[in-house]
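K.L.:
Can you look at this prediction? I've put the sequence above it.
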Amino acid sequence: MKDMQQLKEQLLVSVTDEHGFLETKDGIRLFYRYWLPSGKPKCAILFVHGLSLHSGSAPYGKDIALPLLHDYGAAVYAFDMRGHGLSDGVGGDYPRIDLVTDDLARQVDFIKSRHRKTPVFLYGHDVGGLQVLTFAGNYGTSISGSIVAGYAPTVRMDIFRMGKPGFGEQLKMAFMPLVNRGATISRVLTLDQYERRGGKDPDTQRMLKVVADDPLAVKAYSIRFYFGSGVRKEFENARKIKKPFLMILGERDQMFEPDPARRVLDEVASNIKSLRVLEDADHYGVVREAQKEIVLWLEKLEMAGLAK
(Lines give C-alpha, C1' and ligand atoms only; values in the text may rest on other atoms or scores of the structure.)
Protein backbone atom coordinates (compact mmCIF):
# COMPACT_ATOMS: atom_id res chain seq x y z
CA MET A 1 0.00 0.00 0.00
CA LYS A 2 2.86 2.37 0.87
CA ASP A 3 4.61 1.57 -2.44
CA MET A 4 1.40 2.33 -4.35
CA GLN A 5 1.00 5.67 -2.59
CA GLN A 6 4.59 6.59 -3.44
CA LEU A 7 3.96 5.64 -7.06
CA LYS A 8 0.85 7.84 -7.15
CA GLU A 9 2.79 10.79 -5.75
CA GLN A 10 5.49 10.33 -8.39
CA LEU A 11 2.97 10.11 -11.23
CA LEU A 12 0.99 13.11 -9.97
CA VAL A 13 4.02 15.35 -10.53
CA SER A 14 4.08 14.35 -14.21
CA VAL A 15 0.41 15.16 -14.94
CA THR A 16 0.27 17.91 -17.58
CA ASP A 17 -3.54 18.25 -17.79
CA GLU A 18 -5.32 20.78 -15.60
CA HIS A 19 -6.30 18.79 -12.53
CA GLY A 20 -7.35 18.80 -8.89
CA PHE A 21 -8.92 16.78 -6.07
CA LEU A 22 -12.53 16.68 -4.91
CA GLU A 23 -13.42 15.36 -1.45
CA THR A 24 -16.36 12.97 -1.09
CA LYS A 25 -18.78 13.03 1.83
CA ASP A 26 -16.82 10.25 3.58
CA GLY A 27 -13.48 12.06 3.21
CA ILE A 28 -12.02 10.27 0.17
CA ARG A 29 -10.12 12.46 -2.31
CA LEU A 30 -11.07 11.90 -5.95
CA PHE A 31 -8.56 13.02 -8.56
CA TYR A 32 -9.87 14.75 -11.67
CA ARG A 33 -8.61 16.22 -14.94
CA TYR A 34 -10.40 18.84 -16.98
CA TRP A 35 -10.23 20.64 -20.32
CA LEU A 36 -12.01 23.97 -20.94
CA PRO A 37 -12.86 25.82 -24.17
CA SER A 38 -11.66 29.39 -24.61
CA GLY A 39 -15.16 30.84 -24.28
CA LYS A 40 -18.26 29.89 -22.32
CA PRO A 41 -18.83 26.15 -22.77
CA LYS A 42 -22.00 25.01 -24.54
CA CYS A 43 -22.21 22.11 -22.09
CA ALA A 44 -20.12 20.22 -19.56
CA ILE A 45 -19.40 16.51 -19.98
CA LEU A 46 -18.40 14.25 -17.09
CA PHE A 47 -16.55 11.19 -18.41
CA VAL A 48 -16.55 7.98 -16.34
CA HIS A 49 -13.73 5.55 -17.17
CA GLY A 50 -13.90 1.78 -17.45
CA LEU A 51 -12.73 -1.25 -15.48
CA SER A 52 -9.09 -1.38 -14.30
CA LEU A 53 -8.16 2.01 -15.80
CA HIS A 54 -8.43 5.70 -14.87
CA SER A 55 -8.98 9.13 -16.42
CA GLY A 56 -5.48 9.34 -17.88
CA SER A 57 -5.17 5.81 -19.26
CA ALA A 58 -4.21 5.34 -22.92
CA PRO A 59 -7.72 5.20 -24.46
CA TYR A 60 -9.00 8.17 -22.42
CA GLY A 61 -7.69 11.60 -21.37
CA LYS A 62 -7.05 14.01 -24.25
CA ASP A 63 -8.18 11.44 -26.83
CA ILE A 64 -11.72 11.88 -25.53
CA ALA A 65 -11.66 15.45 -24.31
CA LEU A 66 -10.11 17.45 -27.15
CA PRO A 67 -12.54 16.48 -29.95
CA LEU A 68 -15.50 17.33 -27.70
CA LEU A 69 -13.86 20.59 -26.69
CA HIS A 70 -12.73 21.73 -30.15
CA ASP A 71 -15.59 20.35 -32.28
CA TYR A 72 -18.45 21.32 -29.98
CA GLY A 73 -17.18 23.67 -27.30
CA ALA A 74 -17.77 21.37 -24.34
CA ALA A 75 -15.99 21.56 -20.99
CA VAL A 76 -14.81 18.02 -20.25
CA TYR A 77 -14.13 16.56 -16.80
CA ALA A 78 -12.80 13.09 -16.04
CA PHE A 79 -12.48 11.72 -12.50
CA ASP A 80 -10.65 8.64 -11.28
CA MET A 81 -13.07 6.36 -9.44
CA ARG A 82 -12.16 5.84 -5.79
CA GLY A 83 -9.42 3.25 -5.57
CA HIS A 84 -8.39 3.89 -9.18
CA GLY A 85 -5.70 6.03 -10.76
CA LEU A 86 -4.64 8.89 -8.49
CA SER A 87 -7.75 8.84 -6.29
CA ASP A 88 -7.75 7.58 -2.70
CA GLY A 89 -9.47 4.37 -1.67
CA VAL A 90 -9.09 0.62 -1.99
CA GLY A 91 -8.77 -0.54 -5.59
CA GLY A 92 -11.76 -2.49 -6.85
CA ASP A 93 -13.96 -1.97 -3.79
CA TYR A 94 -16.40 0.50 -2.26
CA PRO A 95 -17.01 0.37 1.51
CA ARG A 96 -20.74 0.82 0.76
CA ILE A 97 -22.50 0.16 -2.53
CA ASP A 98 -24.43 3.45 -2.38
CA LEU A 99 -21.16 5.39 -2.59
CA VAL A 100 -20.85 4.70 -6.33
CA THR A 101 -23.78 6.98 -7.15
CA ASP A 102 -22.95 9.30 -4.22
CA ASP A 103 -19.51 9.91 -5.73
CA LEU A 104 -21.03 10.68 -9.13
CA ALA A 105 -23.62 13.00 -7.57
CA ARG A 106 -20.82 14.89 -5.82
CA GLN A 107 -18.95 15.22 -9.12
CA VAL A 108 -22.05 16.50 -10.94
CA ASP A 109 -22.69 19.07 -8.20
CA PHE A 110 -19.07 20.19 -8.38
CA ILE A 111 -19.22 20.70 -12.15
CA LYS A 112 -22.52 22.57 -11.85
CA SER A 113 -20.97 24.90 -9.28
CA ARG A 114 -18.21 25.74 -11.77
CA HIS A 115 -20.49 26.09 -14.81
CA ARG A 116 -23.78 27.53 -13.64
CA LYS A 117 -26.74 27.33 -16.03
CA THR A 118 -24.75 25.01 -18.31
CA PRO A 119 -26.16 21.60 -19.35
CA VAL A 120 -24.28 18.67 -17.82
CA PHE A 121 -24.05 15.30 -19.58
CA LEU A 122 -22.62 12.02 -18.29
CA TYR A 123 -20.54 9.86 -20.63
CA GLY A 124 -19.31 6.43 -19.50
CA HIS A 125 -17.31 3.62 -21.09
CA ASP A 126 -17.28 -0.06 -20.08
CA VAL A 127 -18.28 -0.33 -16.39
CA GLY A 128 -18.29 3.48 -16.38
CA GLY A 129 -21.17 3.17 -18.83
CA LEU A 130 -22.94 0.89 -16.35
CA GLN A 131 -22.48 3.50 -13.62
CA VAL A 132 -23.84 6.22 -15.92
CA LEU A 133 -26.86 4.04 -16.70
CA THR A 134 -27.47 3.56 -12.97
CA PHE A 135 -27.06 7.25 -12.20
CA ALA A 136 -29.29 8.33 -15.09
CA GLY A 137 -32.01 5.98 -13.88
CA ASN A 138 -31.93 7.17 -10.27
CA TYR A 139 -30.64 10.76 -10.38
CA GLY A 140 -31.44 11.63 -13.98
CA THR A 141 -33.23 14.88 -13.17
CA SER A 142 -29.88 16.41 -12.13
CA ILE A 143 -28.33 16.02 -15.61
CA SER A 144 -29.32 16.93 -19.17
CA GLY A 145 -28.64 13.54 -20.72
CA SER A 146 -26.35 10.52 -20.73
CA ILE A 147 -24.09 8.54 -23.06
CA VAL A 148 -23.11 4.88 -22.63
CA ALA A 149 -20.34 3.43 -24.82
CA GLY A 150 -18.89 -0.06 -24.93
CA TYR A 151 -21.11 -1.66 -22.29
CA ALA A 152 -23.73 -4.42 -22.34
CA PRO A 153 -25.17 -6.72 -19.66
CA THR A 154 -23.59 -9.85 -21.19
CA VAL A 155 -19.85 -10.56 -21.44
CA ARG A 156 -18.66 -12.53 -24.48
CA MET A 157 -18.20 -16.18 -23.50
CA ASP A 158 -14.73 -16.57 -25.02
CA ILE A 159 -13.40 -13.74 -22.84
CA PHE A 160 -15.29 -15.13 -19.82
CA ARG A 161 -13.71 -18.57 -20.24
CA MET A 162 -10.23 -17.11 -20.67
CA GLY A 163 -10.53 -15.14 -17.45
CA LYS A 164 -12.22 -17.89 -15.43
CA PRO A 165 -10.21 -18.74 -12.26
CA GLY A 166 -9.40 -22.25 -11.09
CA PHE A 167 -11.98 -24.34 -9.22
CA GLY A 168 -10.55 -23.58 -5.77
CA GLU A 169 -10.63 -19.83 -6.34
CA GLN A 170 -14.14 -20.10 -7.83
CA LEU A 171 -15.33 -21.69 -4.57
CA LYS A 172 -13.64 -19.00 -2.52
CA MET A 173 -15.15 -16.24 -4.65
CA ALA A 174 -18.59 -17.85 -4.40
CA PHE A 175 -18.67 -18.15 -0.59
CA MET A 176 -16.50 -15.31 0.75
CA PRO A 177 -19.03 -12.55 -0.15
CA LEU A 178 -21.52 -14.24 2.19
CA VAL A 179 -19.38 -13.13 5.12
CA ASN A 180 -17.40 -10.28 3.54
CA ARG A 181 -19.04 -8.04 0.94
CA GLY A 182 -15.63 -6.60 0.15
CA ALA A 183 -14.22 -10.00 -0.83
CA THR A 184 -12.84 -10.40 -4.34
CA ILE A 185 -15.34 -12.01 -6.72
CA SER A 186 -13.55 -11.45 -10.02
CA ARG A 187 -10.11 -10.84 -11.43
CA VAL A 188 -9.43 -8.95 -14.64
CA LEU A 189 -8.15 -11.10 -17.50
CA THR A 190 -4.48 -10.28 -18.06
CA LEU A 191 -2.53 -10.36 -21.32
CA ASP A 192 -0.28 -13.08 -19.88
CA GLN A 193 -3.27 -15.30 -18.97
CA TYR A 194 -4.83 -14.77 -22.38
CA GLU A 195 -1.70 -15.77 -24.26
CA ARG A 196 -0.88 -18.73 -21.95
CA ARG A 197 -4.39 -20.07 -22.56
CA GLY A 198 -3.98 -19.93 -26.31
CA GLY A 199 -5.50 -16.53 -27.10
CA LYS A 200 -4.14 -15.13 -30.36
CA ASP A 201 -6.61 -12.47 -31.51
CA PRO A 202 -4.49 -9.32 -32.15
CA ASP A 203 -7.34 -6.93 -31.26
CA THR A 204 -7.79 -8.62 -27.88
CA GLN A 205 -4.05 -8.68 -27.27
CA ARG A 206 -3.93 -4.96 -28.00
CA MET A 207 -6.85 -4.34 -25.63
CA LEU A 208 -5.26 -6.29 -22.77
CA LYS A 209 -1.90 -4.62 -23.33
CA VAL A 210 -3.47 -1.27 -22.36
CA VAL A 211 -4.06 -2.65 -18.86
CA ALA A 212 -0.71 -4.48 -18.75
CA ASP A 213 1.16 -1.26 -19.53
CA ASP A 214 -0.62 0.85 -16.90
CA PRO A 215 1.16 0.79 -13.50
CA LEU A 216 -2.02 1.94 -11.73
CA ALA A 217 -4.34 -0.67 -13.28
CA VAL A 218 -6.72 -2.39 -10.83
CA LYS A 219 -6.79 -6.18 -11.29
CA ALA A 220 -9.47 -7.45 -8.85
CA TYR A 221 -13.00 -6.40 -7.85
CA SER A 222 -15.46 -7.04 -5.03
CA ILE A 223 -19.16 -7.80 -5.04
CA ARG A 224 -19.86 -4.32 -3.61
CA PHE A 225 -18.20 -2.67 -6.58
CA TYR A 226 -20.32 -4.49 -9.14
CA PHE A 227 -23.65 -4.26 -7.36
CA GLY A 228 -23.01 -0.63 -6.45
CA SER A 229 -22.30 0.05 -10.12
CA GLY A 230 -25.71 -1.41 -11.04
CA VAL A 231 -24.98 -4.85 -12.43
CA ARG A 232 -28.17 -6.93 -12.97
CA LYS A 233 -30.28 -3.78 -12.73
CA GLU A 234 -29.61 -2.46 -16.22
CA PHE A 235 -33.16 -2.96 -17.52
CA GLU A 236 -34.75 -1.71 -14.30
CA ASN A 237 -32.68 1.47 -14.39
CA ALA A 238 -33.24 1.98 -18.13
CA ARG A 239 -36.99 2.12 -17.57
CA LYS A 240 -36.50 5.16 -15.30
CA ILE A 241 -34.39 7.22 -17.72
CA LYS A 242 -36.44 10.19 -18.93
CA LYS A 243 -33.70 12.46 -20.32
CA PRO A 244 -31.94 12.15 -23.74
CA PHE A 245 -29.90 8.97 -23.99
CA LEU A 246 -27.25 7.83 -26.49
CA MET A 247 -25.81 4.32 -26.67
CA ILE A 248 -22.70 3.59 -28.76
CA LEU A 249 -21.40 0.11 -29.57
CA GLY A 250 -18.33 -1.14 -31.37
CA GLU A 251 -19.22 -3.93 -33.77
CA ARG A 252 -15.86 -5.56 -33.01
CA ASP A 253 -16.08 -5.16 -29.22
CA GLN A 254 -14.19 -8.09 -27.70
CA MET A 255 -15.85 -7.78 -24.27
CA PHE A 256 -19.60 -7.44 -24.70
CA GLU A 257 -22.39 -9.00 -26.74
CA PRO A 258 -24.24 -6.29 -28.74
CA ASP A 259 -27.81 -7.63 -28.62
CA PRO A 260 -28.28 -7.19 -24.83
CA ALA A 261 -27.16 -3.56 -25.21
CA ARG A 262 -29.85 -3.04 -27.83
CA ARG A 263 -32.42 -4.52 -25.46
CA VAL A 264 -31.33 -2.09 -22.74
CA LEU A 265 -31.87 0.79 -25.15
CA ASP A 266 -35.34 -0.54 -25.99
CA GLU A 267 -36.24 -0.27 -22.29
CA VAL A 268 -35.08 3.35 -21.90
CA ALA A 269 -38.17 5.43 -21.11
CA SER A 270 -36.98 8.59 -22.85
CA ASN A 271 -38.47 9.37 -26.27
CA ILE A 272 -35.11 10.89 -27.21
CA LYS A 273 -32.83 7.89 -27.44
CA SER A 274 -30.41 6.72 -30.11
CA LEU A 275 -28.12 3.81 -30.92
CA ARG A 276 -24.93 4.12 -32.96
CA VAL A 277 -23.03 0.99 -34.04
CA LEU A 278 -19.48 1.74 -35.19
CA GLU A 279 -18.44 -0.92 -37.70
CA ASP A 280 -14.67 -0.85 -37.25
CA ALA A 281 -14.50 -0.11 -33.53
CA ASP A 282 -13.39 -2.56 -30.85
CA HIS A 283 -13.70 -2.22 -27.07
CA TYR A 284 -11.38 0.76 -26.63
CA GLY A 285 -11.64 1.99 -30.20
CA VAL A 286 -15.29 2.81 -29.61
CA VAL A 287 -14.39 5.72 -27.30
CA ARG A 288 -11.92 7.09 -29.83
CA GLU A 289 -14.36 6.78 -32.73
CA ALA A 290 -17.45 7.92 -30.82
CA GLN A 291 -16.57 11.60 -30.57
CA LYS A 292 -18.05 12.58 -33.96
CA GLU A 293 -21.29 10.77 -33.11
CA ILE A 294 -21.47 12.52 -29.74
CA VAL A 295 -20.89 15.94 -31.29
CA LEU A 296 -23.64 15.34 -33.88
CA TRP A 297 -26.00 14.17 -31.11
CA LEU A 298 -25.28 17.24 -28.99
CA GLU A 299 -25.80 19.53 -32.00
CA LYS A 300 -29.19 17.94 -32.69
CA LEU A 301 -30.22 18.35 -29.07
CA GLU A 302 -29.11 21.98 -29.14
CA MET A 303 -31.00 22.71 -32.37
CA ALA A 304 -34.14 21.14 -30.95
CA GLY A 305 -33.77 23.13 -27.73
CA LEU A 306 -33.33 19.93 -25.70
CA ALA A 307 -29.80 20.50 -24.33
CA LYS A 308 -31.02 22.08 -21.10
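P.N.:
All right, it came through fine.

K.L.:
what mean pLDDT does stretch 140-150 have?
P.N.:
Mean per-residue pLDDT for stretch 140-150: 96.

K.L.:
Going along the chain from the lowest-mean-pLDDT helix or strand in the chain, find the next helix or strand for me.
P.N.:
Scoring the helices and strands of the chain by mean pLDDT, DSSP states H and E places helix 167-179 at the bottom, with a mean of 49. Once helix 167-179 ends, the next helix or strand along the chain (criterion: DSSP states H and E) is strand 184-187.

K.L.:
tell me the average confidence for that next one?
P.N.:
On average, strand 184-187 scores 75.

K.L.:
cool, stretch 105-115 as well?
P.N.:
Mean predicted lDDT for stretch 105-115 stands at 98.

K.L.:
same deal with stretch 219-236?
P.N.:
92.

K.L.:
Adjust the sequence numbering to begin at 38 for everything that follows.
P.N.:
I'll keep to 38 as the first residue from here, and by that count the last item is stretch 256-273.

K.L.:
Any buried residues in that stretch, and which?
P.N.:
Buried residues in stretch 256-273, counted by 16 or more other Cβ atoms under 10 Å: 257-267, 270-272. C-betas here are computed from N, CA, C, even on glycine.

K.L.:
Kindly report the same for stretch 154-161.
P.N.:
Thr155, Pro156, Val157, Phe158, Leu159, Tyr160, Gly161.

K.L.:
what does stretch 185-194 give?
P.N.:
Result for stretch 185-194 [16+ other Cβ under 10 Å]: buried residues Val185, Ala186, Gly187, Tyr188, Ala189, Pro190, Arg193.

K.L.:
and if you look at stretch 57-68?
P.N.:
Buried, per 16+ other Cβ under 10 Å, within stretch 57-68: Leu59, Thr61, Ile65, Arg66, Leu67, Phe68.

K.L.:
so where does Ile82 fall, helix or strand?
P.N.:
Using DSSP H and E, Ile82 falls in strand 80-85.

K.L.:
mind listing what that strand pairs with, with the direction of each?
P.N.:
According to DSSP bridges, strand 80-85 forms sheet pairs with strand 111-116 (parallel), strand 157-162 (parallel).

K.L.:
which residues make contact with the next helix or strand after the first one from outside it?
P.N.:
Toward the C-terminal end, the helix or strand that comes next after strand 111-116 (DSSP H and E) is helix 136-151. Residues outside helix 136-151 that contact it (Cβ atoms under 8 Å, 6 or more residues apart in numbering): 59, 61-63, 65, 67, 69, 81, 83, 85, 112, 114, 116, 118-119, 131, 155, 157, 159, 168-169, 171-172, 175-176, 179-180, 262, 265-267.

K.L.:
Would you mind measuring from Gly110 to Lys77?
P.N.:
8 Å (Cβ to Cβ, to the nearest Å).

K.L.:
Please disregard the earlier target; I meant Asp54.
P.N.:
From Asp54 across to Lys77, the span is 21 Å (Cβ to Cβ).

K.L.:
which one of those two has more residues nearby?
P.N.:
Between Asp54 and Lys77, Asp54 has the larger neighbour count (other Cβ atoms under 10 Å), namely 14 against 11.

K.L.:
Name the SS class of the closest residue to that one other than its chain neighbours, please.
P.N.:
Using Cβ to Cβ, 6 or more residues apart in numbering and skipping residues adjacent in sequence, the residue nearest Asp54 is Arg70, 4.2 Å away. What DSSP: H, G, I helix; E, B strand; the rest coil gives for Arg70 is strand.

K.L.:
Columns pLDDT on top of the buried residues of stretch 154-161, output as JSON lines?
P.N.:
Output for the buried residues of stretch 154-161, formatted as JSON lines (pLDDT from 0 to 100):
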{"residue": "Thr155", "pLDDT": "96"}
{"residue": "Pro156", "pLDDT": "97"}
{"residue": "Val157", "pLDDT": "98"}
{"residue": "Phe158", "pLDDT": "98"}
{"residue": "Leu159", "pLDDT": "98"}
{"residue": "Tyr160", "pLDDT": "98"}
{"residue": "Gly161", "pLDDT": "98"}
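
K.L.:
just the residues you listed now: which is nearest Pro281?
P.N.:
Nearest to Pro281, judged by Cβ to Cβ, of these is Phe158 at 8.4 Å.

K.L.:
confidence score at the residue nearest the centre of the chain?
P.N.:
Nearest residue to the geometric centre of the chain (Cα atoms, centre = their mean): Gly165, 1.9 Å. As predicted, Gly165 sits at a pLDDT of 98.
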